[in-house]
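K.L.:
pasting a predicted model and its sequence here:
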Amino acid sequence: MGPLWKNARMERISRNGRPCFVLVGGRQRLGRALAEDLARDHDLVLTSSGDWESETWVEELSKTARVRTLRWDAESPELVSRMMADLDGLAAEGWTVAGAILVAGTFPEQLLGSWEPEALAATWRLNLTFPFLCAQALASHLAEGACLQLLLDTSLHQPWLKRLPYSAAKAGLAALVPGLAQLLAPKIRVVGHALGAVLPAEARETAFLAERSLVKRIGDPSDLCRAVRYAAASPFLTGEILTLDGGRRWV
Ligand SMILES: NC(=O)c1ccc[n+]([C@@H]2O[C@H](COP(=O)([O-])OP(=O)(O)OC[C@H]3O[C@@H](n4cnc5c(N)ncnc54)[C@H](OP(=O)(O)O)[C@@H]3O)[C@@H](O)[C@H]2O)c1
């Protein structure tokens, strides 16, 4: 499959002819899977709260794609100024951002009655405050026609009872999808993905989660990659949340 951004608008294309996507949370698990898939035909800006030095797989990507790694930590008091400086720097170097995917999150399990304000604030900070601030920073740096994509959860349809603060944060993000779509239109489109189980917190949950779906399997990272590519390449799609859960919500 060729690059998604073959439309006439050359401002969306990086200097080497490949569209560039920013992946916020592109170092681990689903973020890394997306990075490895997109690197086939995109340049990438990958962010992490951690150190990139030991991530040798990024060197592999760099053989085919132009890759820049950044450190964006939701816990850092300098987060906003850091993001703005990084994005201004990329623009000055000629990077044109054709899309962004906000992947970072946290999935803590804790029973109602045991939550303390600090843990609650941390859960909401990474799952809601951080993506909001990233969206705000990226908005003015995305090229015309770009798609901003947010990773949500099928808990929108049925909250995780042992993970209510996570579910509430994702519901907040879901409200951002049509809100940002209206604020950023017509230049930028905004799409959410309400994802079902793909990489379970514990491997032993796989069979149970597969049974609780219509398709009798859990998701694969390639299911998400396909949807991300579809959203990026669909200029008539905005303000919508795609549910990718194998029919989980109908079981
Ligand atoms: N996995 C699933 O089956 C599933 C199902 C439904 C929805 N989702 C959603 O899909 C997204 C990715 O899921 P995942 O399972 O791959 O995520 P995960 O294992 O929960 O990964 C967390 C991500 O958040 C980043 N992160 C952690 N602390 C951070 C901080 N202080 N500042 C900035 N970033 C931080 C991590 O990157 P660094 O440590 O490199 O910073 C990592 O990329 C999440 O939003 C999740 O809610 C996942």
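P.N.:
Received it, and whenever you're ready, just let me know what you need. Numbering: from 1, shown residues only.
K.L.:
CA atoms for contacts and neighbours, from now on please.
P.N.:
Noted.
K.L.:
skip the chain neighbours and tell me the closest residue to Arg82.
P.N.:
Trp72 (7.4 Å; CA to CA, 6 or more residues apart in numbering).
K.L.:
test my guess that that neighbour contacts Ser49.
P.N.:
Yes - with contact defined as CA atoms under 8 Å, Trp72 and Ser49 form a contacting pair (5.2 Å).
K.L.:
between those two, who's got more neighbours?
P.N.:
Higher neighbour count among Trp72 and Ser49: Trp72, with 22 against 17, using other CA atoms under 10 Å.
K.L.:
show me which residues of this structure sit near the ligand.
P.N.:
For the chain, the residues in contact with the ligand (CA under 6 Å from any ligand atom) are 25-31, 48-50, 72-75, 103-107, 151-153, 195-200.
K.L.:
returning to that earlier point: give the contact list for the residue nearest to Arg82.
P.N.:
Residues in contact with Trp72 (CA atoms under 8 Å, 6 or more residues apart in numbering) are Thr47, Ser48, Ser49, Leu79, Arg82, Met83.
K.L.:
and the last one, how many neighbours?
P.N.:
In other words, Met83. Met83 has 19 neighbouring residues, counting by other CA under 10 Å.
K.L.:
for it, what are phi and psi?
P.N.:
Per-residue torsions, Met83: phi -60, psi -40 (degrees, to the nearest 10).
K.L.:
any idea how far it lies from the ligand?
P.N.:
Computed as CA to the nearest ligand atom, to the nearest Å, the Met83 to the ligand distance reads 12 Å.
K.L.:
contacting residues for that residue?
P.N.:
Met83 neighbours (CA under 8 Å, 6+ apart): Trp72, Cys134, Ala137.
K.L.:
now, among those residues, which is nearest to Ala175?
P.N.:
Within the contacts of Met83, the smallest distance to Ala175 is 15.6 Å, found for Cys134 (CA to CA).
K.L.:
would you map the helices across the stretch 1-150 of the chain?
P.N.:
Here the stretch 1-150 of the chain has its helices, by DSSP state H, counting those that start in this stretch, at 29-38, 57-61, 79-92, 117-124, 130-139.
K.L.:
same thing with the stretch 151-251 of the chain?
P.N.:
164-184, 206-211, 221-232.
K.L.:
how close does Cys134 sit to Gly50?
P.N.:
Using CA to CA, to the nearest Å, Cys134 is found at 17 Å from Gly50.
K.L.:
rewinding a little: turn the buried ones among the residues of the chain next to the ligand into a named ChimeraX selection, would you?
P.N.:
This is the ChimeraX syntax for the buried subset of the residues of the chain next to the ligand, where burial follows 16 or more other CA atoms under 10 Å:
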select :25,26,27,30,31,48,49,72,73,74,103,104,105,151,152,153,195,196,197,198
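K.L.:
strands - which of the residues of the chain next to the ligand land there?
P.N.:
If you go by DSSP state E, these have Ser48, Leu151, Leu152, Asp153, Leu195 in strands.
K.L.:
I'd like those residues as TSV, with pLDDT and distance to Asn127 appended.
P.N.:
Shown next, in TSV, are those (pLDDT from 0 to 100; distance: CA to CA, whole Å):
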residue	pLDDT	distance to Asn127
Ser48	98	14
Leu151	98	10
Leu152	98	9
Asp153	98	11
Leu195	98	14
